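Novice: Quick check, what structure comes out for this input:
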Amino acid sequence: MHTPLATVQKVLNDNAIDDLAHETGEPIDRIRKVYEEEFARLAAIARIPDYLVLLAMKRTRDSLGRRPKAEEALVA
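Specialist: Numbers count the residues shown, from 1 in each chain. As a prediction, this is how the structure comes out:
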């Protein structure tokens, strides 16, 4: 039995949101809102959806003006 694509995408998005919340220290509700906006914006114009999660994660970080904590430690 195959898992529906929408279910797989939801799991990927939820994992990305959790990772971003952990990386940035931002509240998960704020991350979810920004991520979902960025993902929807990218999905509307994507010709090849393979990298949507990665691009949405990057744009979410950029929108929040945050770097991953590991990168901040290297800069400090």
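Novice: other SSEs contacting the longest helix along the chain?
Specialist: If you go by DSSP state H, the chain has its longest helix at helix 5-24. Other helices and strands packing on helix 5-24, by 3 or more Cβ pairs under 8 Å, 6 or more residues apart in numbering; DSSP states H and E, are helix 28-45, helix 52-64, helix 69-75. (C-beta placed from N, C-alpha, C; glycine too.)
Novice: Please identify the most buried of these.
Specialist: Comparing the helices and strands packed on helix 5-24 by mean neighbour count (mean count of other Cβ atoms under 10 Å), helix 52-64 ranks first with a mean of 17.
Novice: Please list the residues outside it that contact it.
Specialist: If you take Cβ atoms under 8 Å, 6 or more residues apart in numbering as the criterion, helix 52-64 is touched by 12-13, 16, 19-20, 23-24, 26, 30-31, 34-35, 38-39, 41-43, 46, 67-68.
Novice: 7 Å instead, please
Specialist: Residues outside helix 52-64 that contact it (Cβ atoms under 7 Å, 6 or more residues apart in numbering) are 12-13, 16, 20, 24, 26, 31, 34-35, 38-39, 42-43, 46.
Novice: Now do it against helix 28-45, angle only.
Specialist: Helix 52-64 and helix 28-45 are oriented at 120 degrees to each other (axes from the mean of the first three to the mean of the last three Cα atoms, to 10 degrees).
Novice: For helix 52-64, what is the distance to the chain centroid?
Specialist: Computed by Cα atoms, centre = their mean, to the nearest Å, the chain-centroid distance of helix 52-64 equals 5 Å.
Novice: Would you mind writing the CA trace of it as CSV?
Specialist: Output of helix 52-64 as CSV, limited to C-alpha atoms (Å, rounded to 0.1, in the frame of the first residue of the first chain):
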residue,chain,number,x,y,z
LEU,A,52,10.6,23.1,-2.5
VAL,A,53,11.2,22.1,1.2
LEU,A,54,14.9,23.2,1.1
LEU,A,55,14.1,26.4,-0.7
ALA,A,56,11.2,27.2,1.7
MET,A,57,13.4,26.5,4.7
LYS,A,58,16.1,28.9,3.3
ARG,A,59,13.5,31.6,2.5
THR,A,60,12.0,31.2,6.0
ARG,A,61,15.4,31.7,7.6
ASP,A,62,16.0,34.7,5.4
SER,A,63,12.6,36.2,6.2
LEU,A,64,13.3,35.8,9.9
